[in-house]
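Undergrad: Predicted structure and sequence below. I'll ask about it afterward.
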Amino acid sequence: MTELFIEGGRALLGNEIRESSLRIVGREISALDADHSRGSLGLDADGLMVLPGIVDLHGDAFERQMMPRPGIDFPVDVALIDSDRQAIGNGITTVYHATTWSWEPGLRSGDNARRLLQAIESMRPQLAADTRFHLRHETYNLDAEARIIKWLSEGRIDLFAFNDHMDSTVGDLAKPQKRSRMVERTGLSSEAFDRLVARVVSRAHDVPASIARLAQAAREANVRMLSHDDESPDMRKAFRAQGVAIAEFPVNEKTAREAAKAGDFIVFGAPNVVRGGSHTGWTKASDMIAKGLCTVLASDYYYPAPLLAAFRLAADGILPLADAWQLISAAPARAAGLADRGVLAAGQRADVILVDDKVPLRPRIVAVIAAGRLVHLTEVGRLRSSSPIPRKAVAVA
């Protein structure tokens, strides 16, 4: 069984950052503050931080690898491999690919969701990050209900989210730039897109019952659920009543407070923290964090964001780094029901990253260990080895 030893770094252990060493055996952390055993590979972490791997509940940046420009498609397997490299290179060791299955054709169609799910399932052994399927269901996509219930019952969906972007879609029809982007994504003509939207909107009365049936199927399958862009406390209460315990991107403070009062997990986007606000003009994530109204940060549309956001929160004095890191490691692991990761402790899955934090606000990933495997290293000189057999002195004639 492979052994890996990390020594000399400042490790996040619980809520404390202190110098320590980690011994990794197989896929797990074997011991803390251990000695370097003979025969194990070593990593010199001197001057570096040793942190739990990032758990990303919602990332859809992989869509850019599938369709880098409107109408320009690349094979799903190529996109997944490239996305895996990006995730690992940014310290994300558990990644949920947030896949939208909408009523529209094209990038967010059922065919695309099926292809992506099949690719994830078949390619998992060759991907460095623990790659999982987060299905974002557009609630007006009524024709998908039976297939989604089947996927849930078969255990193929790892997280399940309820999305409703219909109001914004209808509102954006009158905005030329946004309308053009929506139409291009589907591959339809402008007139055909209008007819499709009208047909979908006409079935609004069937949506609540469909949500209830899907939530029941997810509960029976023990799949964690999220509601996206909750607009009001009443909306949050309604979803919670159906077992949806994760509020993803609540759009205002009163809704976030309702979620916090009930002990729901509250997800905001890490890019929001890094950029200093939401690109939509909605809730400012750093304000929510300061008020205790955010428990999880996700990459959303930009894989480097969680790492940058944690250090930004510490630099701005909003949270100590140890607490900020919980938002991208331990807390998302708990939200997803993953009890084996998110912290550095004996018996935990060995997802560990080494970070150079010398330059303020620009943390740099030096090494990534995922499930006990060294999958990313930028400084080969940090590798150390210990021979299991002492070398014998050789007499010189």
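TA: Sure, I can see it.
Undergrad: Domain boundaries for this structure, per the record?
TA: If you go by automatic domain parsing, the domain ranges for the chain are 3-52+346-385, 54-335.
Undergrad: Export these to a markdown table and append columns for mean pLDDT and mean neighbour count.
TA: For the C-beta atoms, the positions are set from N, CA and C on the backbone; glycine is no exception. Listed next are those as a markdown table, based on pLDDT from 0 to 100; neighbours: other C-beta atoms under 10 Å:
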| stretch | mean pLDDT | mean neighbour count |
| --- | --- | --- |
| domain 3-52+346-385 | 93 | 18 |
| domain 54-335 | 94 | 19 |
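Undergrad: Spell out which helix or strand contains Phe5, please.
TA: Taking DSSP states H and E as the criterion, Phe5 maps to strand 3-13.
Undergrad: Now do the next helix-or-strand element following that strand: which elements does it pack against?
TA: With elements assigned by DSSP H and E, the helix or strand that comes after strand 3-13 is strand 16-25. Where contact means 3 or more C-beta pairs under 8 Å, 6 or more residues apart in numbering; DSSP states H and E, strand 16-25 is packed against strand 3-13, strand 28-32, strand 49-52, helix 321-326.
Undergrad: quick one, strand 16-25 and strand 28-32 angle?
TA: 120 degrees (axes from the mean of the first three to the mean of the last three C-alpha atoms, to 10 degrees).
Undergrad: from the chain's centre, how far out does strand 16-25 sit?
TA: Strand 16-25 has its C-alpha centroid displaced from the chain centroid by 24 Å (C-alpha atoms, centre = their mean, to the nearest Å).
Undergrad: could I have that strand exported to CSV, CA atoms only?
TA: Output in CSV follows, covering the C-alpha atoms of strand 16-25 (Å, rounded to 0.1, in the frame of the first residue of the first chain):
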residue,chain,number,x,y,z
GLU,A,16,-6.3,25.8,14.5
ILE,A,17,-3.4,26.3,12.0
ARG,A,18,-0.2,24.9,13.3
GLU,A,19,2.9,23.1,12.2
SER,A,20,2.3,19.4,11.8
SER,A,21,3.0,16.4,9.7
LEU,A,22,0.6,14.0,8.0
ARG,A,23,1.1,10.4,7.1
ILE,A,24,-1.1,9.1,4.3
VAL,A,25,-1.6,5.3,3.8
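Undergrad: Okay, and the beta partners of the closest residue to Ala345 other than its chain neighbours?
TA: Spatially, and ignoring its direct neighbours in sequence, Ala345 is nearest to Ile29 (6.5 Å; C-beta to C-beta, 6 or more residues apart in numbering). Ile29 forms beta bridges with Ile24, as assigned by DSSP bridges.
Undergrad: Now do the contacts for Ile29.
TA: Ile29 makes contacts with 22-23, 344-350, 352, as judged by C-beta atoms under 8 Å, 6 or more residues apart in numbering.
Undergrad: so how far is Pro363 from the residue nearest to the spatial centre of the chain?
TA: With distances taken as C-alpha atoms, centre = their mean, the residue of the chain nearest its centroid is Asp56 (1.8 Å). Distance of Asp56 to Pro363, computed by C-beta to C-beta, to the nearest Å: 16 Å.
Undergrad: just to revisit the earlier point, distance to Met182 added to the helices and strands packed on strand 16-25, as CSV?
TA: Listed next are those as CSV, based on distance: least, C-beta to C-beta, whole Å:
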stretch, distance to Met182
strand 3-13, 42
strand 28-32, 46
strand 49-52, 39
helix 321-326, 35
